[in-house]
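*Asks:* Structure for the following, please:
(chains A and B)
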Amino acid sequence: MNNVWVTAMGLVAPLRPFDTVETFWGALTSGEDSIKLQAPPLLNTNQKWLTAAIETEPVLRPEDKFFYIAEAALKMAIGDSGLSAEELLGADMVIGSILGNVLSRERQLIDGNIQNRTVEASLSYPVRYLGQHFEIGGRLSAISTACASGTDAVGIAARSIATGEAEVVIAGGIDVLSDFALAGFNLLQALTEDKVRPFDKKRTGLALGEGAAFLVIEAERHALARGAKCYGRVLGYASRADASHLTAPHREGRGLASAIANALSQSGLNASDINYINAHGTATVYNDLMETKAIKLAFGEAAYTTYVSSTKSMLGHAFGASGVIEALCALMAINTGVIPPTINYRYPDPQCDLNYVPNTAKATPVGAAMSLSAGFGGQNAAVIFARRPQI
Amino acid sequence: MRFFDSIDFSSPADIKNVQGKLLEELIGRTSLYYKDVFRQNNIAPNEIKRVDELPFTTRDDLQRHNWDFLAVQRNAIREIVSTTGTTGQPQFIAMTEGDIDRLAYNEQRSFTYTGAKEGDLFHIAVTGDNLFIAGAAYYRGLIRLGAAVARVGPQNTIRQFDLIEKLRPSAIVAVPSFMLHMARAANELKIDPKDLNIKKAVLIGESIRDMSLRSNALGELVEEAFGDICYSTYGITEGQVSFCECGQKEGLHSHPDLVIAEVVDEAGVPLDDGEIGELVLTTLQIEGMPLIRYKTGDITFKITEPCKCGRNSLRIGPIIGRKMQRLKIKGVTLYPKTIENAICKLKDVVNYQIEAATGENHSDRVILRVGSLRADKAFRDGIIENLRAKARVTPELEIESPDSINKRLYDGGARKAVVFKDVRNKD
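*Replies:* Prediction:
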């Protein structure tokens, strides 16, 4: 892949204010923690959970918040792109989401009133709805590959540009907090009651988050012809499965290492050319160890000279949206020369021995960056971005 | 007043035990203000087991009820000091004879951390009058230690050099930016500051360390000139207490028998080691105006793990800014000190003032006014590049003559240079 550009970005994430990518990035690189003890979205219980929630005024129910943040983020990306109505009508869109709006009836289910069906609820409904709302008339696809959904959406979009199938593809990720997800992750004992401490010896698990993010991915020729901005090029993407367990990652990081190695091979870069890895970094004991092993396996010695950070330490785990949010972070690191930190990092784990950019952002030139996702069921994805060469 | 000279080396459990007893004494014998607070909050003093069960005291509380904080009869007062009023009206602190002894003990202990000892001669280049607590505290602490003192105060640099040459002090107590001023003056006088043979510099009022506890730009400049002789300290008038680095220079040690220090978040929840929040102090063994969970407004982090020096006392990191001075520029949170540190090492930057005004879209508008004899594009670009790299923001930049900036710094007859001018709408 060498003719694929990212020409626009938009997102809504838990860090206030939600107005621009620039302010989001400012807050993120300041190490702002959006994770707080909060009540679940719907259930009226005394139990509170550590979550990274997008606070709206007035408070919205999850199904309304889903489309509210999706529309706001997509509007931001389209505004940033400068694409004409005609170009939008010809564009494809691919959206990664774990739950889509299938839980739209969660309130009715909780109330035991399942007959009152007022909305269409499915994994593919959001992309169809947004396509209709913004008059995006190309191929509309929904991707649901667990926590790798967002990264896969970006990779699949980039691949369809690289193969010449499309000239403009909007890649997005959307998911919101739900009682179902909180209960599920709680049953899996994946949630922390402490801080989210990725790669730290005392890490105890993740906090769930939510968000919506979109990238406009475009053929270089098309972008140059219309004078578009270039936030970076997509140079490589690979998706690989662990093929080992229903929920737990492969202990040695087999699938993720393979995804990294394949993405690297496709990019034509050496591991040492990658300055920054935005890690999956959930802060579960198994993920962070597996991910460290996978990076070392694929990068060799270069693993120790590459900065690795987890923005989930500040944003929580936004399910299917996290892959696109983190791809955006990798692109912003390239564009600003600032690497966001892994916050709450206090006690080094001898088995997790890479440079995790502890607690404060690092200002350093970033020529190429990689974003990783590792989902339940061993679905792994890696995507590589690089700075546009000087012309 | 009881002196626990080696408490720092006690086990954390023993330290906690001593602090628990001293806290009990504090709660049982406090001021009218706290008696009211306890009554209003239905707090039974004898039921309090931990400091975090108590309510906070704010600077505003102290300002509005200043004399209600007095826990002794007025005729027991021996000295009155005041805060500088940098971020609000000055607050008066009344001290008893016991408090003055406590202050001396506090500073003696701090100086001990730096390796100061009987026979040293300290040149004190900070003021000892004008209601400032610091100069008097250093003076009394050093006398208690058995060291000799030259109370020079903030004299001009010629006088400072003259006295240093004649008295040959082994150590100096000064504000870091004054040390820098001395270094620049030495350069003009063709004196190598290292030849002054000062072995130790105890630096007050400004931090010379960054978040990773290494020297910040100001610290580097002072150390480049004078050598690796600097010890950073933090002191607070209201708490009548100081924190000081030991030879390891890995944070500022507290005195566990004089203060309980916490770091809390915006919601007042105590934070863990390394987490950045507001420093909160509960003073121990103060007779005149004891304070309970006083929110200092100073932003830092704490370190509870034992220090390599063998002490188990809680340490704090550098003060990275004052809560009231926190700036938000396009999402980036920072403090004026971050901007200062980004530019203070730049050649040709003579002086500067940072002004914050209310901006749009939840963002502050920040104007950096730099005093320099240069105003060319390369100079301007250099400043902007440094701000981007080190502070991650680019405030509006105005370059003026050093004289013009000097007028701004002392506008309205300010007794202290106003480096950060805050005109934000506080509503």
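*Asks:* Please give the number of neighbouring residues around A:Ala257.
*Replies:* Other residues lying near A:Ala257 total 23 when counted by other C-beta atoms under 10 Å in any protein chain shown. Heads up, the C-betas are built off the backbone N, CA and C, glycines and all.
*Asks:* Kindly state the pLDDT recorded for it?
*Replies:* In this model, A:Ala257 is scored at 97, pLDDT.
*Asks:* In a helix, it, correct?
*Replies:* Yes: if the criterion is DSSP: H, G, I helix; E, B strand; the rest coil, then A:Ala257 is within a helix.
*Asks:* List the contacts of it.
*Replies:* A:Lys293, A:Ala294, A:Ile295, A:Leu297, A:Ala298 (C-beta atoms under 8 Å, 6 or more residues apart in numbering or on different chains).
*Asks:* out of the residues you listed, who's nearest A:Ala223?
*Replies:* Closest approach between the contacts of A:Ala257 and A:Ala223, by C-beta to C-beta: A:Ala298, at 30.1 Å.
*Asks:* Next, the closest one: phi, psi?
*Replies:* The phi and psi values for A:Ala298, taken as degrees, to the nearest 10, are phi -80, psi -30.
*Asks:* Could you check how far the closest residue to it other than its chain neighbours is from A:Phe299?
*Replies:* Sequence neighbours aside, A:Ile260 is the residue nearest to A:Ala298 in space, at 3.8 Å (criterion: C-beta to C-beta, 6 or more residues apart in numbering or on different chains). Separation of A:Ile260 from A:Phe299 (C-beta to C-beta, to the nearest Å) stands at 7 Å.
*Asks:* out of those two, which sits in the busier spot?
*Replies:* The neighbour comparison of A:Ile260 against A:Phe299 (other C-beta under 10 Å) goes to A:Ile260, with 29 against 24.
*Asks:* any idea how far the more buried one is from chain B?
*Replies:* Here the criterion is C-beta to the nearest C-beta, to the nearest Å. By it, A:Ile260 lies 29 Å from chain B.
*Asks:* Does that residue belong to a helix, a strand or coil?
*Replies:* helix.
*Asks:* Per the annotation, how does chain B divide into domains?
*Replies:* B:1-319, B:326-422 (automatic domain parsing).
*Asks:* nearest to A:Ile161, of those?
*Replies:* Closest approach to A:Ile161 among the domains of chain B (C-beta to C-beta): domain B:326-422, 30.3 Å.
*Asks:* what's the closest non-adjacent residue to residue 65?
*Replies:* With no chain named, the answer covers chain A. Once flanking residues are discounted, A:Lys65 sits nearest to A:Val176: 5.1 Å by C-beta to C-beta, 6+ apart.
*Asks:* ah, no, chain B please
*Replies:* Nearest non-adjacent residue to B:His65 (C-beta to C-beta, 6+ apart): B:Tyr33, at 5.0 Å.
*Asks:* you'd agree that neighbour is in a strand?
*Replies:* No: read with three-state DSSP, B:Tyr33 is helix and lies in no strand.
*Asks:* who touches it in this structure?
*Replies:* Here B:Tyr33 is in contact with B:Asp61, B:His65, B:Asp68, B:Phe69 (C-beta under 8 Å, 6+ apart).
*Asks:* same deal with A:Lys202?
*Replies:* Shown in contact with A:Lys202 (C-beta under 8 Å, 6+ apart): A:Asp194, A:Arg346, A:Tyr347.
*Asks:* B:Asp381: neighbour count?
*Replies:* With neighbours defined by other C-beta under 10 Å, the count for B:Asp381 comes to 10.
*Asks:* Dump the C-alpha coordinates for stretch A:44-61 into CSV.
*Replies:* The C-alpha trace of stretch A:44-61 is given here as CSV (Å, rounded to 0.1, in the frame of the first residue of the first chain):
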residue,chain,number,x,y,z
ASN,A,44,-31.1,1.5,38.8
THR,A,45,-28.7,-0.1,41.1
ASN,A,46,-26.4,1.1,43.9
GLN,A,47,-23.4,-0.4,42.2
LYS,A,48,-21.1,2.1,40.4
TRP,A,49,-18.6,1.2,37.8
LEU,A,50,-15.4,2.8,36.6
THR,A,51,-16.2,3.9,33.1
ALA,A,52,-15.2,6.5,30.6
ALA,A,53,-18.6,8.0,29.6
ILE,A,54,-19.4,10.8,27.2
GLU,A,55,-21.5,13.2,29.3
THR,A,56,-24.3,14.8,27.4
GLU,A,57,-26.7,17.6,28.4
PRO,A,58,-29.4,16.4,28.6
VAL,A,59,-28.5,12.8,29.6
LEU,A,60,-29.2,10.6,26.6
ARG,A,61,-30.2,6.9,26.6
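*Asks:* what residues does that stretch touch?
*Replies:* Stretch A:44-61 has contacts (C-beta under 8 Å, 6+ apart) with A:12-14, A:16, A:18, A:34-42, A:65, A:68-69, A:107, A:176-177, A:182, A:186, A:191-193, A:196, A:207-211, A:314-316, A:318.
*Asks:* In that stretch, which residues are buried?
*Replies:* A:Trp49, A:Leu50, A:Thr51, A:Ala52, A:Ala53, A:Ile54, A:Leu60 (16 or more other C-beta atoms under 10 Å in any protein chain shown).
*Asks:* can you list the weak-confidence ranges in the chain?
*Replies:* I went with chain A, as the question did not name one. Within chain A, the ranges that satisfy pLDDT under 70 run A:106-110, A:112-119, A:390-391.
*Asks:* You answered for a different chain; I wanted chain B.
*Replies:* Along chain B, segments meeting pLDDT under 70 span B:85-88, B:414-415, B:427.
*Asks:* So what's the residue count around the residue of it found nearest chain A?
*Replies:* Of chain B, the residue with the smallest distance to chain A, taken as C-beta to the nearest C-beta, is B:Gly331 at 2.6 Å. Neighbour count for B:Gly331, taken as other C-beta under 10 Å: 25.
*Asks:* Can you classify the closest residue to it other than its chain neighbours as helix, strand or coil?
*Replies:* Distance criterion C-beta to C-beta, 6+ apart; nearest residue to B:Gly331, sequence neighbours excluded, is A:Gly26 at 2.6 Å. Classification of A:Gly26 by three-state DSSP places it in helix.
*Asks:* re earlier: please verify my assumption that the residue of chain B closest to chain A contacts A:Thr23.
*Replies:* Yes: if you go by C-beta atoms under 8 Å, B:Gly331 and A:Thr23 touch, sitting 3.4 Å apart.
*Asks:* shared neighbours, the two?
*Replies:* Contact with both B:Gly331 and A:Thr23 is made by residues A:Pro17, B:Ser363, according to C-beta under 8 Å, 6+ apart.
*Asks:* thought A:Thr311 was touching A:Asn278?
*Replies:* Yes: taking C-beta under 8 Å as the definition, A:Thr311 is a contact partner of A:Asn278 at 6.3 Å.
*Asks:* shared neighbours of the two, which are they?
*Replies:* A:Glu326, A:Cys329, A:Pro340.
*Asks:* Turn these into a markdown table, including distance to B:Ala342, neighbour count and secondary structure.
*Replies:* Converted to a markdown table, the shared contacts of A:Thr311 and A:Asn278 look like this (distance: C-beta to C-beta, whole Å; neighbours: other C-beta atoms under 10 Å in any protein chain shown; DSSP: H, G, I helix; E, B strand; the rest coil):
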| residue | distance to B:Ala342 | neighbour count | secondary structure |
| --- | --- | --- | --- |
| A:Glu326 | 29 | 31 | helix |
| A:Cys329 | 24 | 27 | helix |
| A:Pro340 | 19 | 30 | coil |
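*Asks:* B:Lys49: which of those residues is nearest?
*Replies:* A:Pro340 (40.4 Å).
*Asks:* ok, the closest one - contacts?
*Replies:* A:Pro340 is in contact with A:Leu28, A:Thr29, A:Gly31, A:Asn278, A:Ser309, A:Thr311, A:Met314, A:Cys329, A:Ala333, A:Val357, A:Ala361, counting by C-beta under 8 Å, 6+ apart.
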